[in-house]
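[1] from the sequence below, what's the structure:
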Amino acid sequence: MMPHIAIAMIPGRDEATKQRLAERMKSALIDELGVPENWVSVSLHEIARENWQDVMEQIGDEAMLIRADI
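    Presented below is the predicted three-dimensional model:
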């Protein structure tokens, strides 16, 4: 079991902010699942605002656990 967190967001945050976010998400996953730190990976994908809705629609309902209401 090697969990992976994929984060999608609109561009505009600096690298330090993105790194802190990734570390915090990794820590939350480790705490929740009780897996070793080296099992967890995190990716961050920046999506242009004008493409956001199209990209979100490509994520199937079975994978989208919490959908933003914006």
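[2] list the contacts of stretch 38-58.
    Around stretch 38-58, the neighbours that count as contacts under Cβ atoms under 8 Å, 6 or more residues apart in numbering are 1-11, 18, 21-22, 25-26, 29-30, 64, 67-68. C-beta: built from backbone N, CA, C; applies to glycine.
[3] next one: it to chain centre, how far?
    With Cα atoms, centre = their mean, to the nearest Å as the basis, stretch 38-58 stands 7 Å off its chain's centre.
[4] same question for stretch 13-26.
    Distance, stretch centre to chain centre, for stretch 13-26: 10 Å (Cα atoms, centre = their mean).
[5] do you have the helices of this structure handy? List them.
    Using DSSP state H, the helices of the chain run over 15-33, 52-57.
[6] ranked by average pLDDT, which of those helices falls at the bottom?
    Here the helices of the chain differ in mean pLDDT, and the lowest is helix 52-57 at a mean of 92.
[7] what comes up buried for stretch 7-26?
    For stretch 7-26, the neighbour count (16 or more other Cβ atoms under 10 Å) marks 21-22, 25-26 as buried.
[8] state the distance from the residue nearest to residue 25 when sequence neighbours are not counted to residue 49.
    With sequence-adjacent residues excluded and distances taken as Cβ to Cβ, 6 or more residues apart in numbering, residue 25 is closest to residue 5, at 4.9 Å. Using Cβ to Cβ, to the nearest Å, residue 5 is found at 22 Å from residue 49.
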